[in-house]
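Q: Need a 3D model of the following:
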Amino acid sequence: PNTAHSTSVFPSITIHPNMDKLPLELKQRICSFLHASPRLLKPIRLVSKEFASAAAPYLIPRLFLFRHPDSCAEVKEITKHPIFSKHVTTLVVDLSVLKSQSNFQSWIDDHDHLQHAYPDWWDFKPEDVEYDEDGDPLLSNSQSRAKWMHSCREFDKEAKRVTKRLMKSQEKYWKAQQGLAAKLSGGEFRRRFFKTIHLAFRMCPNLSNIVIAPPQPCEPTLGKRYHIFEAIHPSKGSWIEPKSHDPSDFEMTDLMQAVHNTEIDLSSLTIIDFPFRCADYSKVGNLEFLGRLKHIRIGWNRLGNNPKTKFGADLEKVLRKTHSLETIWINMPPLIHRKEEYAANGLLDAMSLECLRDVMLSNLSVSEDSLVNFLLRHSETLEMLSLGITLTDGSYESAFRRISMQMKALVRVQFISLIQWVSDVPKMASPSWCTDAIDCVLRGEALSEPEYYYLSEAFEELELGEGCEGPRRYEDLPEDGLWEDFDGNVNFCF
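A: Just a heads-up that it's a prediction; the model follows:
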C-alpha cells in the first residue's frame, strides 16, 4: 500500500497507488457499495479530493428529523452545506411524542436496564414456609406469618434503598425529560419543526421523498434518536407509542403545507404506524405539487385494532391529482370485526393512472366489481399485485376469472388472507387455492371452487406451511426513497 495515501486516524484503510488513477465514475461506483455504512465512507473521503467528491453523494443521502431542537438545528446545518445538501434524497420525520412522567418511579419503570438494579423477590422469599400449587404462602401459624412479614419488610427496605440511590444519580434525567416534554408540546417548537421541513425541501434540490415513521427497532434510526435525546437518558419507553396518539396532534395538512410552495416535485410519500387525522386538503390550496408523486406507501398494520385513522375523500382527492403514480401500498390494521374494515371502493374508483405498476392492498374491504374494474383499467402497466383483502360482495372465483389472461404486464402475483363472507361469516380462502388463483390470473388455468376456512383454521394452515403465495416481497430491493430498514414495516404481510 502507498502510505502517503493512508492515515493514522484510520489505520485499517489503505489505498493502492493505482486507485487514484481511476476515473471519477469508478470511484463513485466503489463508494456506492458503502452507502449503507457512512462511517466507512468518512476515511475514504480523506484519501484525496476526488475520493471526497466521489463519496459525497452517499454520505448523507437522507435526513432524520426528530421532535427536538437539536435535531432541527442539525437538519438546518446540513441543508445549508454547499455539498451535502445537493445529495439528500429522503427526509425521515419522526412524530413520536415524548412522555411527561409525573413521578420519578414511573420514569424508572420505562428504563428496563434500571429495573435490573432492584432486588429480586426470590432472594428474600422465605424457604421454610409452605406454599400451595399456585405459589401462594400457607400462613397457617404465627411463626410462618412472622417469617413472611419479615421477608416482605426486608424486600421493601432494599427496594427503597435502590430507589434512593437511583434518584441521586438519575433524578436529573427525569427532570430534564419533564422540561423537554413541556417545551416540545408548545406552539413555538411546533412552528420551528414544520419550518425545518419546509427549509429542507427548499434547500436540498434532490430531496423528493418523505418518510413519516417512528424509528424501527434497529440501527441506525433508533440509535440516532437516542443520540439526539441523550440529555434525558432515553429508552424505548420514553415515548408514547404511536398507537396511543389518539387523537393525533398532527394532521396530514400540517405536513403537506410544509412541503407546499417549494420547488420540489414530491416523488414518494411513506407513512408507517402513525394515526393521522386527515382534514380537508383544500385548506392547503393547490395540490398540483403532488402531480408527480410516484409512490404512496401507507403501513399501519402495527397500530392495533383501531388506530382512528381516516382517509375518506381526502386521499381520493390526492389520488385524482397524481398523474405519475407507480406504486400504491395500503396496509391497514387487521380488525377483529371484518365489517369495520376500511371500505376501499372509493379509493380504487379514484385511480385511473397511466404508469401504475405496483399495487399492494391489505386489510381493506372491496366489492368484486370495484376490484375487477380497477385491475382492468391498469392491465397494460400493472406488473406486481399483492392482495390480502376482504370481498364484500361477489366472489373471488368470479373476479379472477374475469381478469384471467387480461393483465398483460403482470409478472408477479401474491395472494395472502383472501377473505370472503360465506353465510354471513368471514372465511379465508385456503393458501393452496390462492396458488391456483395465481395460475388462473397469469396463465389462464382452470380455477376450481374456492376452499374456505374459518379464520383460525386458515392461519393454522399457513403456519404449517401448506400452500404457497409466491415469493415474498421482503426479498426484493426497496424502491427509491423507501430504504431497507423501513421496507418491512410498510410491507408487513408480504
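Q: So the closest residue to residue 290 other than its chain neighbours versus residue 256, what's the distance?
A: In space, and not counting its chain neighbours, residue 290 is closest to residue 321: 5.1 Å by C-beta to C-beta, 6 or more residues apart in numbering. Yep, even glycine has a C-beta here, placed from its N, CA and C like the rest. Using C-beta to C-beta, to the nearest Å, one obtains 11 Å as the distance from residue 321 to residue 256.
Q: what's around residue 60, how many residues?
A: Residue 60 has 18 neighbours, counted by other C-beta atoms under 10 Å.
Q: for residue 136, same thing?
A: Residue 136: 8 neighbours (other C-beta under 10 Å).
Q: Distance check, residue 401 against residue 422.
A: Remark: distance between residue 401 and residue 422 (C-beta to C-beta) = 18 Å.
Q: Looking at the two, which is more packed in?
A: Using other C-beta under 10 Å, the more surrounded residue of residue 401 and residue 422 is residue 401, with 17 against 13.
Q: Need the residues that contact stretch 104-122.
A: 99, 101, 155, 158-159, 162-163, 165-167, 170-171, 173-174, 177, 233, 235, 237-238 (C-beta atoms under 8 Å, 6 or more residues apart in numbering).
Q: Please pick the buried ones from those residues.
A: Buried members of the contacts of stretch 104-122, counted by 16 or more other C-beta atoms under 10 Å: 99, 101, 155, 163, 166, 170, 173, 174, 177, 233, 238.
Q: In helices, which of those appear?
A: 155, 163, 166, 170, 173, 174, 177 (DSSP state H).
Q: All the strands of the stretch 251-400 of the chain, residue numbers only.
A: Applying DSSP state E, counting those that start in this stretch to the stretch 251-400 of the chain gives strands spanning 268-272, 295-299, 327-331, 342-343, 358-366, 384-391.
Q: Identify the residues contacting the third one?
A: Pointing back at strand 327-331 there. Identification of contacts with strand 327-331 by C-beta under 8 Å, 6+ apart yields 268, 294-301, 319, 344, 347, 351, 356-364, 479, 490-493.
Q: Compare residue 321 and residue 256 (neighbour count), which wins?
A: Counted by other C-beta under 10 Å, residue 321 and residue 256 do not tie: residue 256 has more neighbours, with 21 against 15.
Q: can you tell me how far that one sits from residue 482?
A: Computed as C-beta to C-beta, the residue 256 to residue 482 distance reads 20 Å.
Q: Stretch 253-261 - what's its average pLDDT?
A: Per-residue pLDDT over stretch 253-261 has a mean of 78.
Q: what do you get for stretch 227-243?
A: Mean predicted lDDT for stretch 227-243 stands at 92.
Q: Look up the closest residue to the residue nearest the centre of the chain, ignoring the ones flanking it.
A: Nearest to the mean C-alpha position of the chain, counting by C-alpha atoms, centre = their mean, stands residue 272 at 3.8 Å. Take residue 272 and drop its neighbours on the chain: the residue closest to it by C-beta to C-beta, 6+ apart is residue 213, 3.6 Å away.
Q: quick one: buried residues of stretch 174-188?
A: 174, 177, 178, 180, 181, 184.
Q: For those residues, give me a markdown table that also has distance to residue 384.
A: Shown next, in a markdown table, are the buried residues of stretch 174-188 (distance: C-beta to C-beta, whole Å):
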| residue | distance to residue 384 |
| --- | --- |
| 174 | 49 |
| 177 | 44 |
| 178 | 48 |
| 180 | 44 |
| 181 | 43 |
| 184 | 40 |
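Q: what sits up against stretch 189-208?
A: 63, 65, 67, 69, 72, 75-76, 79-80, 85-91, 93, 183, 254-255, 257-259, 262-268, 481.
Q: Tell me which of the residues you listed fall in helices.
A: Members of the contacts of stretch 189-208 lying in helices (criterion: DSSP H): 69, 72, 75, 76, 79, 183, 254, 255, 257, 258, 259.
Q: what about burial for those residues, which qualify?
A: Among those, those classed as buried by 16+ other C-beta under 10 Å are 69, 72, 75, 79, 254, 255, 257, 258, 259.
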